[in-house]
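# mind looking at a prediction? Sequence and model below.
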Amino acid sequence: MRLPRIVGWTASVIAALVLVTGAAIWLGARSPMARRAAGDYLGGLTGLPVTLGSLSVGFYPTPSLTLGDLSIAQPAGFGGAALVELETAELVLPWKSLWRGDPVLHAARIRGVTLRAAIDKDGTDNWSAVIERLVEFAGEGPSAWAVARLELERGTVEFHDARSDTRWRLSGIGLSASDAAPATWFPADLRLAGEYGQQIVHFGVAGEVRLDVDGGRHAGRQLRLRGWVGGEPMPVAGIDMAGTVGHCLYDEASGLVMLERGNLTAGGVTADFTLAVARSADGPVQGFAVKTASFAPRVPARVLGRPLPATRDPAALGSLQVEAAGRLEPGRIVVDEFSGQLDETGFGGSLEWPTAGGTPIVRLQADRVDLDRYLAPENEEAAASPQATIEATIEQFSALDLDAEIRIAEAQAAGAKIRGLRIAVAP
C-alpha cells in the first residue's frame with residue numbers, strides 16, 4: 001500500500017464526502033433515504049457494500065457533515081468482519097467546496113476507525129482494488145486537496161498474511177495536523193501502539209512533513225521521537241525511547257528511504273545514526289551508520305534481561321563506546337567496519353550476523369587488553385598462569401558460538417605481557 005495511493009485515496013474520499021454533503025442537504029440528512037443514498041454512493045465508489053447508521057448536516061457558519069456507524073464490507077473470500085468500521089467522522093467545509101466539489105476542508109475529525117487489511121494464501125490483498133477505484137475517481141491533474149485541521153482518535157489497523165500466518169496490530173492511533181496540502185510543509189503529530197507476537201510498542205513522532213504526491217517525493221524534518229517497548233524478552237518495566245531525526249526522505253521512483261541526523265536514547269545508550277534503504281534485485285538493502293556516546297554496558301544488558309557476568313575486577317566492563325557502519329541485507333547484518341573503546345582498550349573490526357540462524361563471523365583487533373580483569377572472580381585456576389588465563393578467555397568466547405579471530409597487540413595474562421596474541425574461536 002504505497003504512500004501516494006493512500007494520499008490519493010484520502011483526497012478521493014474527501015471529494016466524495018463533499019458530494020455526499022451536498023446530496024444530504026437536498027435529501028434531508030436524517031432521513032433513511034439520505035442514509036441509503038449516501039451508502040449507495042460510497043458503495044459504488046469503493047465497489048463494496050457500505051452501510052451508514054447515522055447522517056446529519058449543519059449549516060452555520062459553514063456546511064458540516066457528521067457520519068456515524070459506517071461499515072465497508074470485506075471483498076469476497078476475506079471473512080465476515082468489515083474491511084473498514086467507523087464510529088464517527090465530522091467534516092467541516094467552505095461553501096465553495098460544496099458548490100465546486102473541491103476536496104478542501106476546514107476540519108476533519110475522525111474517531112474510532114478500524115481497518116482490517118489481509119492477504120490470502122494466493123497473495124491477493126483486500127485493499128488494492130478499493131484504492132485503484134478511489135484513485136481513478138480522483139482523476140488526472142495536479143493534486144488540489146487541503147485540510148486546515150485534521151484530527152484522528154482511536155484508530156486501529158489489523159493485518160493478517162495467510163501465506164505466512166503473520167499477524168500484527170496497531171491500535172490507539174492518533175493523528176493531528178494543520179494546514180495540510182500537497183507539496184507544502186505542515187506540522188503533524190502521530191501516536192500509536194503496536195502488537196507483534198509477545199512484543200508491545202508505543203510510539204510517537206511529531207514534526208513537519210511534506211507530501212509531494214505529484215512529484216513522488218515525501219519528506220519530514222525536525223522530527224521528535226518518543227516510545228516504549230515491552231513484552232518478551234524485555235524486562236517487566238520495558239524500555240523507554242526518545243530521540244530526534246533532522247531530516248527524512250522517501251522517493252517513490254527509486255524506492256530510496258533516508259533518515260539523516262538521527263539521535264536516539266534507549267536502555268541507557270545514546271547514539272547518533274543515519275539510515276538509508278534502497279531496492280536491490282534480492283530485496284531491500286539498508287545501509288546504516290551509528291555512533292554511541294560512552295555508556296556503561298552493564299545497564300542495557302540488565303535492561304534487556306541478559307546481565308553481563310561478574311568479573312574479577314568489579315570496574316571491568318564499566319565503559320563502552322562504539323562507532324559502526326554497515327548494511328542490512330536479506331538474511332544477514334553486515335558491519336563492514338566498527339571501532340570503539342572498552343574500558344582502556346581500543347578496538348576495531350568487522351562483523352557478519354545471520355538473521356535467520358547461523359554462526360556470526362567476527363574479526364577483531366585490539367591494542368591492549370588486561371585479560372586478568374575480565375576473568376570470572378571464582379576461577380582461581382585461570383589466574384594461575386598466562387596459559388590458563390588465555391585458555392579461560394577462549395572458553396568464554398567459545399560459549400558464544402562464534403566464528404571469531406581476535407588479534408591483540410599487547411595482552412596481560414597472569415601478570416605477564418604477551419605481544420601479538422592471536423585467539424581463534426571455532427563454532
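Alright, I've got the coordinates.
# contacts for stretch 71-83, please.
Residues outside stretch 71-83 that contact it (C-beta atoms under 8 Å, 6 or more residues apart in numbering): 42, 46, 48-51, 84-86, 114-116, 118, 120, 124, 126-127, 129-130. From N, CA and C alone the C-beta is placed, and that goes for glycine too.
# what's the PyMOL syntax to select whichever of the residues you listed are buried?
PyMOL command restricting the contacts of stretch 71-83 to the buried ones, with burial defined by 16 or more other C-beta atoms under 10 Å:
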select buried, resi 42+46+48+50+51+84+85+86+114+115+116+118+126+127+130
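# the contacts of stretch 71-83 in strands, which ones?
Within the contacts of stretch 71-83, residues falling in strands by DSSP state E are 50, 51, 84, 85, 86, 114, 115, 116, 118.
# out of these, who's nearest residue 243?
Nearest to residue 243 out of the ones in strands among the contacts of stretch 71-83 is residue 115 (C-beta to C-beta; 28.0 Å).
# isn't that closest one up against residue 170?
No: in this structure, residue 115 is not within contact of residue 170 by C-beta atoms under 8 Å, at 9.3 Å.
# now do the shared contacts for those two.
Joint contacts of residue 115 and residue 170 (C-beta under 8 Å, 6+ apart) are 155, 156, 157.
# any of those buried? List them.
Judged by 16+ other C-beta under 10 Å, buried ones among these: 155, 156, 157.
# look up how far residue 42 lies from the closest residue to residue 113 other than its chain neighbours.
In this structure, residue 113 finds its nearest non-sequential neighbour in residue 86, 4.8 Å apart by C-beta to C-beta, 6 or more residues apart in numbering. Taking C-beta to C-beta, to the nearest Å as the measure, residue 86 falls 11 Å from residue 42.
# swap in residue 182?
Residue 182 is 24 Å from residue 42, by C-beta to C-beta.
# cool, and residue 78?
Applying C-beta to C-beta to residue 78 and residue 42 gives a distance of 19 Å.
# ok, residue 89 next?
From residue 89 over to residue 42 (counting by C-beta to C-beta), the distance is 12 Å.
# spit out the residues that contact the two alike.
Joint contacts of residue 89 and residue 42 (C-beta under 8 Å, 6+ apart) are residue 70.
# what helix or strand does the residue nearest in space to the middle of the chain sit in?
Geometric centre of the chain, nearest residue: residue 203, 8.6 Å, by C-alpha atoms, centre = their mean. Element membership for residue 203 (DSSP states H and E) is strand 199-212.
# that strand pairs with which strands, and in what direction?
strand 185-196 (antiparallel), strand 217-231 (antiparallel) (DSSP bridges).
# give me the residues contacting the shortest one.
Right, the one you point to is strand 185-196. 155, 167-180, 200-210, 221.
# for stretch 153-161, same thing?
Under C-beta under 8 Å, 6+ apart, the answer for stretch 153-161 is 87, 110-119, 166-175, 192.
# helix or strand: which one has residue 176?
strand 166-180.
# pairing partners for that strand, with directions?
Strand 166-180 has these strand partners (DSSP bridges): strand 146-161 (antiparallel), strand 185-196 (antiparallel).
# give the buried residues for it.
Here strand 166-180 shows 170, 173, 177, 180 as buried, counting by 16+ other C-beta under 10 Å.
# the last one and residue 137: what is the separation?
It refers to residue 180. Taken as C-beta to C-beta, the span from residue 180 to residue 137 is 20 Å.
# off-centre distance for stretch 191-202?
Its chain's C-alpha centre and that of stretch 191-202 lie 11 Å apart, by C-alpha atoms, centre = their mean, to the nearest Å.
# now that stretch: mean pLDDT?
Mean pLDDT, computed over stretch 191-202, is 84.
# picking up where we left off before, tell me the one of the ones in strands among the contacts of stretch 71-83 nearest residue 104?
residue 86 (21.2 Å).
# for that closest one, list each beta-bridge partner.
Going by DSSP bridges, residue 86 forms beta bridges with residue 70, residue 113.
# phi, psi for the closest residue to residue 348 other than its chain neighbours please.
Among residues not flanking residue 348 along the chain, residue 339 sits closest, at 4.0 Å (C-beta to C-beta, 6+ apart). Note on residue 339: backbone dihedrals following degrees, to the nearest 10 are phi -150, psi 160.
# grab the nearest non-local neighbour of residue 275.
Per C-beta to C-beta, 6+ apart, closest to residue 275 is residue 259, 4.3 Å.
# look at that neighbour and report its pLDDT.
93.
# what does residue 20 give?
So, for residue 20, pLDDT stands at 56.
# kindly report the same for residue 65.
82.
# for it, grab the count of nearby residues.
Applying other C-beta atoms under 10 Å, we find 24 residues neighbouring residue 65.
# my guess is it is in a helix, correct?
No: counting by DSSP: H, G, I helix; E, B strand; the rest coil, residue 65 is not found in a helix; it is strand.
# so how far is residue 126 from it?
Residue 65 sits 27 Å away from residue 126, going by C-beta to C-beta.
# just residue 371 next, same as before
Taking C-beta to C-beta, one finds residue 371 at 59 Å from residue 126.
# cool, thanks, signing off.
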